[in-house]
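>>> Below is the sequence, then the predicted model.
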Amino acid sequence: MIILGVDPGSLRTGYGAIETDGRRHRLIEMGTLAPSARLDLPVRLHAIHDGLTKVIARLHPDVLAVEDVFHAANARSALVLGHVRGVVLLAGADAGLPVSAFPPATVKVQVTGFGRAEKSQVALMVSRILALEEQAAGDATDALAVALCHAHLHSARPAS
């Protein structure tokens, strides 16, 4: 199974794809979609949607896993993140993918065992789980954590 994880952000949207059998996970690709901050929000949203659509077309994932919008510092930030998450969900729906969403604390628990883990702890565990030669960092790492969260929860469910 190929899982594409996405960490929505208005300036940098991370993505990371893994292949998994439920127990073993392998990195396929990770990256960041980063339209210029100088662009108006609708243009940035279009660029994120377009970029993610191309990633989906290239990687042919079986599922899209996305991090839920967390409680932002202010209402405007939360609204903008909601817009970004919307275009991420749209890209998945356009491709006919099932979409799973996870709160940040759930992602952290599934990857580190602790729901309040720091970003550095998440990055360390992502690097270890995927046996990366260098420690991953940034928004793409967060997206890989979302993909791993889906893999862990999906493999834990009994087959129907």
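Noted; the coordinates are in hand.
>>> now the host helix or strand of His152: mean pLDDT?
Using DSSP states H and E, His152 sits in helix 139-156. For helix 139-156, the mean pLDDT works out to 92.
>>> Which secondary structure elements does it sit against?
Applying 3 or more Cβ pairs under 8 Å, 6 or more residues apart in numbering; DSSP states H and E, we find helix 139-156 packed against strand 2-7, strand 13-20, strand 25-33, strand 63-67, strand 99-102, helix 104-112, helix 119-129. Where you see a C-beta, it was placed from the backbone N, CA and C, and this is true even at glycine.
>>> could you redo the last one with a cut-off of 6 Å?
Other helices and strands packing on helix 139-156, by 3 or more Cβ pairs under 6 Å, 6 or more residues apart in numbering; DSSP states H and E, are strand 2-7, strand 13-20, strand 25-33, strand 63-67, helix 104-112, helix 119-129.
>>> out of the ones you listed, nearest to Cys149?
helix 104-112 (4.1 Å; Cβ to Cβ).
>>> What's the mean pLDDT across that closest one?
What helix 104-112 shows for mean pLDDT is 96.
>>> for stretch 75-89, same thing?
Stretch 75-89 carries an average pLDDT of 92.
>>> what's in contact with that stretch?
For stretch 75-89, the surrounding residues in contact (Cβ atoms under 6 Å, 6 or more residues apart in numbering) are 6, 8, 10, 45, 48-49, 66, 69, 72, 99.
>>> Kindly reformat those as JSON lines and extend each row with neighbour count and distance to Lys119.
Below are the contacts of stretch 75-89 laid out as JSON lines (neighbours: other Cβ atoms under 10 Å; distance: Cβ to Cβ, whole Å):
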{"residue": "Val6", "neighbour count": "32", "distance to Lys119": "17"}
{"residue": "Pro8", "neighbour count": "29", "distance to Lys119": "16"}
{"residue": "Ser10", "neighbour count": "17", "distance to Lys119": "18"}
{"residue": "Leu45", "neighbour count": "20", "distance to Lys119": "25"}
{"residue": "Ile48", "neighbour count": "26", "distance to Lys119": "21"}
{"residue": "His49", "neighbour count": "19", "distance to Lys119": "26"}
{"residue": "Val66", "neighbour count": "26", "distance to Lys119": "18"}
{"residue": "Val69", "neighbour count": "20", "distance to Lys119": "17"}
{"residue": "Ala72", "neighbour count": "13", "distance to Lys119": "16"}
{"residue": "Val99", "neighbour count": "17", "distance to Lys119": "24"}
